[in-house]
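> just need the structure, nothing else, for what follows:
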Amino acid sequence: MRIPPLQGLKIRASASGRARSDVGAWLKTPKSKNANSKRRVRLAADIGGTFTDIAVFDEATGALTFGKTLSTPQRLVDGISRGVEKAGSAYAQADLFLHGSTIAINTLLERTGAKTALLITQGFRDIYEIGRINRPDAYNLFFRKHVPLVERALRFEVKERVLADGEVERPLDCVEPIVRRVEHTHLGVGRQQPRKPSAALQ
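Coordinates of the predicted model:
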């Protein structure tokens, strides 16, 4: 169902403190006029670093309800569930669920993720740091590039080659020795409490 632009849409707070909007007449769709039509509910979740916002849209009645709650980083679904409950809905009522999150980008920006090693095709170890594609200040003599997310000491070359058409010219060698080296040298496995490594293959 195509939703028209939200011009003239009025939102008010309900007695329970939730923001509500009755858009039945505004939508002007057959389903919004037919009280006997099957109830179809859309749930949307926006998971932020501090708050989780929920929007619930009932196609049959045209009601738009919102729920806001604190995010739960250790288990994101808990924050979503509380938001859905605050919005007066339930997962079982929805036939469409949409979600988005800033968790991943926040982790990159704040550099709070796991210590990471990068396995990269032999001969390309430094291309990640050279990064010539993005030059935001080409004529700034004092410009400093961002510190790479993966330090050079944790970038390991592997013998493999995949052609532009996806054909494997040279299969990937065994990476087990590299993993063991990372664990022992950089993560201290065997010398102190083990820490699970995170590796990316490019």
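> which residues does the residue nearest in space to the middle of the chain contact?
By Cα atoms, centre = their mean, the mean C-alpha position of the chain lies nearest to Ser101, the distance being 4.3 Å. Contacts for Ser101 (Cβ atoms under 8 Å, 6 or more residues apart in numbering) come out as 46-48, 76. C-betas here are computed from N, CA, C, even on glycine.
> now with 7 Å, please.
Ile47 (Cβ atoms under 7 Å, 6 or more residues apart in numbering).
> for it, name its beta-bridge partners.
Following DSSP bridges, Ser101 is listed with bridge partners Ile47.
> can you give me the buried ones in the lengthiest helix in the chain?
Looking across the chain with DSSP state H, the single longest helix is helix 76-86. Using 16 or more other Cβ atoms under 10 Å as the test for burial, helix 76-86 gives 76, 79-84, 86.
> check stretch 45-61 too.
45-47, 52-61.
> at which residues are the strands of the chain located?
12-13, 19-22, 41-47, 51-58, 63-70, 94-101, 116-121, 155-158, 161-162, 168-170, 198-201 (DSSP state E).
> distance to Gly131 and mean pLDDT added to those strands, as CSV?
Shown next, in CSV, are the strands of the chain (distance: least, Cβ to Cβ, whole Å; pLDDT from 0 to 100):
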stretch, distance to Gly131, mean pLDDT
strand 12-13, 49, 40
strand 19-22, 44, 42
strand 41-47, 29, 94
strand 51-58, 33, 95
strand 63-70, 37, 95
strand 94-101, 26, 91
strand 116-121, 13, 88
strand 155-158, 13, 89
strand 161-162, 21, 91
strand 168-170, 25, 92
strand 198-201, 16, 53
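> could you list the domains of this structure?
Here the domain parsing of the chain from automatic domain parsing is 12-105, 114-201.
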